[in-house]
Structure formats: structure tokens, C-alpha cells
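>>> how would this look folded up:
(one chain, ligands or ions: 1)
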Amino acid sequence: MHTVDPRIGPLTPADLHLVVERHPRYWGDRDLRALHQSVFPQEFPDTCFAARADLPRPDGTVEPDAILGYLVGFVTPDGTGYIHLVATRDDARGLAVGRRLHAAFADTAARLGAVRLKAITSVTNTGSVAFHTALGFTAVTDPDHNGSGAPMVVFRRELG
Ligand SMILES: CC(C)(COP(=O)(O)OP(=O)(O)OC[C@H]1O[C@@H](n2cnc3c(N)ncnc32)[C@H](O)[C@@H]1OP(=O)(O)O)[C@@H](O)C(=O)NCCC(=O)NCCS
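Predicted coordinates for the structure are as follows:
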């Protein structure tokens, strides 16, 4: 796949269930299934997004409405647009799917009162660090972000 023009729309609880079933297509060997709780699209439907497209298969058929990527986020009462999960399917990386999901989230979060964006990732996720840096986030390593003693990278970006 060299070009893609995805439709950005809501991520439903059923969509979340589907991506959990196909978890390795989005996350590889890392198991983040426990973070995919349906409470997010149920309670924050305006800030959970899917990028979809009808994809041609090698056999000539079409995979209709394939979820190329998704973003799960919410806006906190103090004005932080928090990105809990963002992932692009393995065959759709590098095509601006993640960038477009982020743009949709940032626009909606700002409309809902967010003045800044935040996300975290593990220190070993160099792809995520490169992605967020390309999107204008600053990355700072917090030696004990979760209280478990494990360092995490914290991304922040002000919304202008
Ligand atoms: C990180 C991830 C979401 C990026 O999604 P993507 O759709 O491939 O990213 P995009 O094509 O929108 O890229 C946006 C920018 O980030 C850069 N980028 C993305 N992934 C990168 C990587 N692995 N290395 C270097 N740069 C990268 C792109 O070059 C692009 O920069 P540009 O617009 O200045 O040219 C995707 O690799 C992924 O799903 N990874 C597994 C899940 C994960 O780790 N999610 C993040 C958890 S916090």
C-alpha cells in the first residue's frame, strides 16, 4: 500500500473489540489489550477515533471499512487532552494515518476546552518517540511515572 485516504470517524465499543481481537496487527509483540477497556468509547465517544478505508486484497477482493488505525483519548477537567492509545495497522504505517488521527483528536479536544495534549509511552518505544516528536510534542523521561519504579516517556504539547 503506498497511498491511503482514510475516513476519520468514531471508534465504537464494537470497533475496540475488533482491534483487540487483531491486537498484533496494531501493536506487534507488545500486549496492551488490558488498556483497551470499552469504558473509553462508551464514556468518551467524541474523543475516540478510527481511520477507515476500503482496502484491496492481493486476491482482488476488497476488505471493506478496514480499521487502519485508531486513537483512544479523553479531555480531563483541567484541560488536558490525554491520548491513551494510538496505533496504526502494520500495513498502513508511514501513510499519515496516525498524524490524521492526532489532528482529529486535537481539534475536538480544543473544542472541548483542552489547552494542552499529553501522552505517555515506554522508554523502549523509539517509534512512538519519533512519531510524537514529529507531531511537535516534547518528550521527557519520568523515572517513576506510574509509581512502579519503571521509567516512562511523557509527551506534552500546548494547543495554540
Ligand atoms: C507510532 C505509530 C502510531 C505511528 O503511526 P503512523 O500512522 O505510521 O505515523 P504517520 O505516518 O502518521 O507519521 C507521522 C510522522 O511521524 C513519523 N514517524 C512515525 N513513525 C515513525 C517511526 N517509527 N520512526 C520515525 N518516524 C516516525 C513520520 O515520519 C511522520 O513524520 P512527518 O509527517 O514529519 O513525515 C505506529 O507506528 C504504531 O501504531 N506503532 C505501534 C503502536 C504504538 O507504539 N503506538 C504509540 C504508543 S504511545
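>>> residues from the chain in reach of the ligand?
Proximity of the chain to the ligand (C-beta under 6 Å from any ligand atom) is limited to residues 26-27, 69, 86-88, 93-99, 119, 121, 125, 127-128, 130-131, 134. The way it works is simple: take the backbone N, C-alpha and C, and place the C-beta from them, glycine included.
>>> return the members of those classed as buried.
26-27, 69, 86-88, 93, 95-98, 119, 121, 128, 131 (16 or more other C-beta atoms under 10 Å).
>>> so which of the residues you listed sit within helices?
Taking DSSP state H, the ones among those that sit in helices are 26, 27, 97, 98, 128, 131.
>>> quick one: mean pLDDT for stretch 34-53?
On average, the pLDDT along stretch 34-53 is 98.
>>> export it as CSV, just CAs?
Provided in CSV are the C-alpha atoms of stretch 34-53 (Å, rounded to 0.1, in the frame of the first residue of the first chain):
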residue,chain,number,x,y,z
ALA,A,34,-5.7,-4.7,29.1
LEU,A,35,-5.6,-1.0,28.3
HIS,A,36,-8.4,-1.4,25.7
GLN,A,37,-11.4,-1.0,28.0
SER,A,38,-14.8,-0.3,26.4
VAL,A,39,-15.4,2.4,29.0
PHE,A,40,-13.4,4.7,26.8
PRO,A,41,-15.5,4.7,23.7
GLN,A,42,-18.6,4.4,25.8
GLU,A,43,-18.0,7.4,28.0
PHE,A,44,-15.8,9.5,25.7
PRO,A,45,-17.3,8.8,22.3
ASP,A,46,-16.3,12.3,20.9
THR,A,47,-12.6,11.7,21.5
CYS,A,48,-12.1,8.1,20.3
PHE,A,49,-11.5,7.9,16.6
ALA,A,50,-11.0,5.2,13.9
ALA,A,51,-9.4,5.7,10.5
ARG,A,52,-11.1,3.5,7.9
ALA,A,53,-10.6,2.6,4.2
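>>> and it, how far out from the chain's middle?
Mean C-alpha position of stretch 34-53 versus that of the full chain (C-alpha atoms, centre = their mean, to the nearest Å) differs by 10 Å.
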